[in-house]
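Visitor: Test case, fold it:
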Amino acid sequence: MPFAHPLRDAKVTVLRTVLLAACGLGLAGCDAIDSINPFASEKYKTEVTPDIPADKLYSQGLAKLEDRDYDAATKKFEDLDKQYAYSDWSRKAVLMTAYSNYEGARYEDAISASKRYLQRHPGSKDAAYAQYLLAMSHYKQIPDVTRDQERSEKALVALTELVQKYPTSEYAADAKAKIQITRDQLAGKEMEIGRYYLERRNFPAAINRFRDVVSKYQTTRHVEEALERLAEAYMALGITGEAQTAAAVLGHNFPDSPWYKDAYNLLQSGGLQPREEKGSWISKAFRGIIGMDTRTAEAQ
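Guide: Modelled structure (predicted):
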């Protein structure tokens with residue numbers, strides 16, 4: 001019979017007790033975690049939500065438009081574009097996103113969506129309309145003439161591109177009318193700055209502004225005043241030949257204009273008469289626009 005070692009047996013007993021206690025605590029710990037986990041009894045299941053049919057999403061977007069809920073309409077069309085990418089539904093969705101943003105006066109978003117449409121579908125049947133939305137989104141943001149005219153310049157570029165790229169579209173006529181309004185706005189800004197310089201007797205700076213109006217915006221209502229102001233500024237500098245030419249061109253093209261009467265009286269006060277110098281930039285500018293108008297009429 002083997003000899004029993006009291007100390008060794010005591011250590012074994014203690015070790016067994018500790019192991020059993022640890023196991024018990026471990027199980028209890030697991031039970032405790034389960035008791036505070038509300039999802040412990042549930043098994044996670046992956047569920048795939050089916051896409052809403054494209055025609056239904058599109059109809060929902062149209063319904064929101066009719067309700068004038070433009071934010072909700074935009075969301076529907078954006079969802080349609082995402083869920084049915086690279087399809088004809090996506091094409092329609094991008095265009096309607098631009099339209100709903102435009103109607104909701106979110107012009108920057110309308111510009112982004114219009115550009116996206118034109119990049120993806122430049123040759124589509126609705127490309128002209130996308131260009132129109134792009135141009136009108138700039139046009140609607142044209143500020144008062146006293147403020148910076150960057151929006152006017154962008155509107156002019158977009159409207160001109162519409163007329164050039166889609167001359168037979170149903171939007172071309174309206175674009176042409178708005179081009180004239182936009183050009184008038186830009187000319188008005190130049191006139192405002194020119195008058196500012198003229199009042200402060202900074203004649204060269206004033207001439208540069210009035211020259212821009214005569215050179216770039218001859219078909220606007222501001223050109224008559226611009227010619228008279230040029231006569232004033234050139235007379236003040238003693239450049240009488242250009243002053244006479246400005247008055248002569250003004251009288252030839254706008255004989256009944258009150259601005260011509262002012263220019264004529266100004267020259268008379270200096271003992272001069274309106275007389276056109278054919279080599280003057282003013283004369284050349286107007287000959288250029290008359291020639292261009294003649295060629296345009298012949299082409300039509």
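Visitor: Please make it C-alpha for all contacts and neighbour counts, starting now.
Guide: Fine.
Visitor: Tell me where the chain has helices.
Guide: Taking DSSP state H, the helices of the chain run over residues 6-36, 54-66, 70-83, 88-103, 107-120, 127-139, 150-165, 172-199, 203-216, 223-237, 240-253, 258-269, 281-299.
Visitor: Figure out which of those is closest to Arg275.
Guide: Closest approach to Arg275 among the helices of the chain is made by helix 240-253 (5.1 Å; C-alpha to C-alpha).
Visitor: contact partners of stretch 196-207?
Guide: Ile193, Gly194, Arg195, Leu230, Ala233, Tyr234, Ala236, Leu237 (C-alpha atoms under 8 Å, 6 or more residues apart in numbering).
Visitor: What pLDDT does the model give the residue nearest to the first one when sequence neighbours are not counted?
Guide: It refers to Ile193. Once flanking residues are discounted, Ile193 sits nearest to Arg209: 6.9 Å by C-alpha to C-alpha, 6 or more residues apart in numbering. We have a pLDDT of 98 for Arg209.
Visitor: measure Lys140 to Thr182 for me?
Guide: Distance, Lys140 to Thr182, by C-alpha to C-alpha, to the nearest Å: 11 Å.
Visitor: oh, I was asking about Arg68
Guide: Going from Arg68 to Thr182 by C-alpha to C-alpha gives 29 Å.
Visitor: So if I had to pick from these two, which one is more boxed in?
Guide: Higher neighbour count among Arg68 and Thr182: Thr182, with 23 against 14, using other C-alpha atoms under 10 Å.
Visitor: May I have stretch 54-64 exported as CSV, CA atoms only?
Guide: Output of stretch 54-64 as CSV, limited to C-alpha atoms (Å, rounded to 0.1, in the frame of the first residue of the first chain):
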residue,chain,number,x,y,z
ALA,A,54,-38.9,51.8,-61.2
ASP,A,55,-42.2,53.0,-62.6
LYS,A,56,-43.6,53.3,-59.1
LEU,A,57,-40.7,55.3,-57.9
TYR,A,58,-41.0,57.6,-60.9
SER,A,59,-44.8,58.1,-60.3
GLN,A,60,-44.2,58.8,-56.6
GLY,A,61,-41.7,61.5,-57.6
LEU,A,62,-44.2,63.0,-60.0
ALA,A,63,-46.9,63.0,-57.3
LYS,A,64,-44.6,64.9,-55.0
